[in-house]
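>>> Please find the sequence and the predicted model below.
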Amino acid sequence: MENPNIKTKVVHSQSKAAWNIVSKSWGGKYKIARIPYLVLEDSEITTIKNRKKALLYAQFISKCFNSSDRIIDTIF
């Protein structure tokens with residue numbers, strides 16, 4: 001397994017109902033992943049829950065990229 005050596009952060013998409021995992025460094029691939037969430041017009045509470053759950057998933061993925069050195073050392 002190759003170490004991607006990518007440092008990431010989580011930002012909200014400007015055009016979609018989604019969280020984006022983007023690279024912090026210049027010159028590399030900018031958007032790593034998109035985690036969309038469902039927006040329901042009738043239920044604001046459900047929309048907020050969906051948004052928070054998607055944020056948790058995005059933060060987890062971002063932390064995996066940011067901790068790739070430790071993860072690879074543990075596996076191999």
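Sure, I can see it.
>>> roughly how far apart are the residue nearest to the spatial centre of the chain and residue 2?
The centroid of the chain falls nearest to residue 58 when counting by Cα atoms, centre = their mean (3.0 Å). Applying Cβ to Cβ, to the nearest Å, the value for residue 58 to residue 2 is 23 Å. All C-beta atoms are positioned from the backbone trio N, CA, C, and that covers glycine.
>>> And the contacts of the host helix or strand of residue 55?
Using DSSP states H and E, residue 55 sits in helix 44-66. Contacts to helix 44-66, defined as Cβ atoms under 8 Å, 6 or more residues apart in numbering, come from residues 4, 6-10, 17-21, 32-33, 35-40, 71.
>>> Go again with 7 Å.
Helix 44-66 is contacted by residues 4, 6-10, 19, 21, 32-33, 35-40, 71 when judged by Cβ atoms under 7 Å, 6 or more residues apart in numbering.
>>> among these, which ones are buried?
Buried subset of the contacts of helix 44-66 (neighbour count, 16 or more other Cβ atoms under 10 Å): 6, 8, 10, 19, 21, 32-33, 35, 37.
>>> Columns distance to residue 63 and secondary structure on top of these, output as a markdown table?
Output for those, formatted as a markdown table (distance: Cβ to Cβ, whole Å; DSSP: H, G, I helix; E, B strand; the rest coil):
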| residue | distance to residue 63 | secondary structure |
| --- | --- | --- |
| 6 | 12 | coil |
| 8 | 9 | strand |
| 10 | 9 | strand |
| 19 | 13 | strand |
| 21 | 10 | strand |
| 32 | 13 | strand |
| 33 | 13 | strand |
| 35 | 13 | strand |
| 37 | 19 | coil |
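>>> With distance to residue 50 and pLDDT as new columns, can those residues be given to me in TSV?
Formatted as TSV, these follow (distance: Cβ to Cβ, whole Å; pLDDT from 0 to 100):
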residue	distance to residue 50	pLDDT
6	27	88
8	22	95
10	16	97
19	11	98
21	17	96
32	21	93
33	17	95
35	11	98
37	4	97
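>>> With respect to residue 76, which of those residues is nearest?
residue 6 (18.6 Å; Cβ to Cβ).
>>> Pretty sure the closest one sits against residue 23.
Yes: in this structure, residue 6 is within contact of residue 23 by Cβ atoms under 7 Å, at 5.7 Å.
>>> Many thanks, we can stop here.
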